[in-house]
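Engineer: Okay, predicted coordinates and the sequence, questions at the end:
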Amino acid sequence: MQVTVVILKPSAVQRGIVGEVIARFEKKGIQIVGMKMLCLTDEMLSAHYAHLVHKPFFGRIKDSMQASPVVVMALKGVDVINVVRQLSGVTNGREAQPGTIRGDYSVSVQENIVHASDSPETAATELKRFFSENEIFTYPQFFLPYTYANDEW
Ligand code: IDP
Ligand code: MG
């Protein structure tokens with residue numbers, strides 16, 4: 001099992017679709033193992049978007065991510081990093097496939113509803129960035145036998 005990090009961005013919080021987006025992960029069969037609301041600091045964003053810090057639009061991304069509190073989630077499942085990236089769709093909401101979160105809820109590159117970790121390394125780093133150990137829960141998923149075959153997990 002892997003754990004990945006999702007951020008429901010201010011574009012999700014402000015538009016009142018947090019519940020709908022979370023429901024997509026739940027309905028897929030992914031287990032929520034951590035969730036909270038917080039305001040992203042300058043330090044968090046410079047680390048989180050280190051690959052974009054030198055881009056001319058970084059200031060705009062930062063303002064956008066600090067426009068309101070966000071919801072951060074830790075999600076657990078088999079291959080969940082890739083599964084959540086697929087559910088999210090490509091970065092540009094105008095190009096994301098219908099049926100994906102960005103494809104269904106976004107028409108923007110910047111205001112694209114969710115962040116999702118893109119590799120095991122970034123998932124591990126992001127989990128530490130946003131959660132302390134006691135904010136990540138281990139608990140039985142009672143419908144696991146109906147979610148996976150027993151040789152899948
Ligand atoms: P990702 O969110 O699909 O992993 P990244 O390339 O890691 O995409 O970019 C992080 C975030 O920065 C995007 O989700 C988007 O909000 C924003 N972003 C990326 N590229 C641009 C751009 O060209 N203009 C404005 N915002 C951008
Ligand atoms: Mg990214």
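Structural biologist: Ah, there it is. Numbering: from 1, shown residues only. Ligands and ions are numbered 1, 2, ... in the order given.

Engineer: CA atoms for contacts and neighbours, from now on please.
Structural biologist: Will do.

Engineer: This protein against ligand 1: which residues are in contact?
Structural biologist: By the rule C-alpha under 6 Å from any ligand atom, the part of the chain lying against ligand 1 is Phe57, Ile61, Val90, Thr91, Val109, Gln110, Glu111, Asn112, His115.

Engineer: Out of the residues you listed, which end up buried?
Structural biologist: Among the residues of the chain next to ligand 1, those scoring as buried are Ile61, Val90, Thr91, Gln110, Glu111, Asn112, His115 (criterion: 16 or more other C-alpha atoms under 10 Å).

Engineer: quick one, strands of this structure?
Structural biologist: 2-8, 31-38, 70-77, 114-116 (DSSP state E).

Engineer: okay, how far is it across stretch 96-113, tip to tip?
Structural biologist: From its first residue to its last, stretch 96-113 covers 12 Å (C-alpha to C-alpha, to the nearest Å).

Engineer: for stretch 47-66, same thing?
Structural biologist: 14 Å.

Engineer: Next one, pLDDT for the spatially closest residue to Ile81 that is not a sequence neighbour please.
Structural biologist: Sequence neighbours aside, Thr4 is the residue nearest to Ile81 in space, at 5.3 Å (criterion: C-alpha to C-alpha, 6 or more residues apart in numbering). pLDDT for Thr4: 98.

Engineer: what's Thr4 in contact with, if anything?
Structural biologist: Residues near Thr4 by C-alpha atoms under 8 Å, 6 or more residues apart in numbering: Ala74, Leu75, Lys76, Val80, Ile81, Val84, Ala116, Ser117, Pro120, Ala123, Ala124, Leu127.

Engineer: hmm, back to that, any chance of the strands of the chain in CSV, plus distance to Arg15?
Structural biologist: Output for the strands of the chain, formatted as CSV (distance: least, C-alpha to C-alpha, whole Å):
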stretch, distance to Arg15
strand 2-8, 11
strand 31-38, 16
strand 70-77, 12
strand 114-116, 12
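
Engineer: Looking at the ones you listed, which is nearest to Met44?
Structural biologist: strand 31-38 (11.2 Å; C-alpha to C-alpha).

Engineer: how about the CA coordinates for that closest one, as PDB?
Structural biologist: Taking Å, rounded to 0.1, in the frame of the first residue of the first chain, the C-alpha atoms of strand 31-38 are listed here in PDB:
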ATOM      1  CA  GLN A  31      -8.900   5.100   2.300                       C
ATOM      2  CA  ILE A  32      -8.600   8.600   3.900                       C
ATOM      3  CA  VAL A  33      -5.800   8.300   6.600                       C
ATOM      4  CA  GLY A  34      -5.300  12.000   7.300                       C
ATOM      5  CA  MET A  35      -7.200  15.200   6.600                       C
ATOM      6  CA  LYS A  36      -7.100  18.800   7.900                       C
ATOM      7  CA  MET A  37      -7.600  22.400   6.900                       C
ATOM      8  CA  LEU A  38      -4.700  24.900   7.000                       C
END
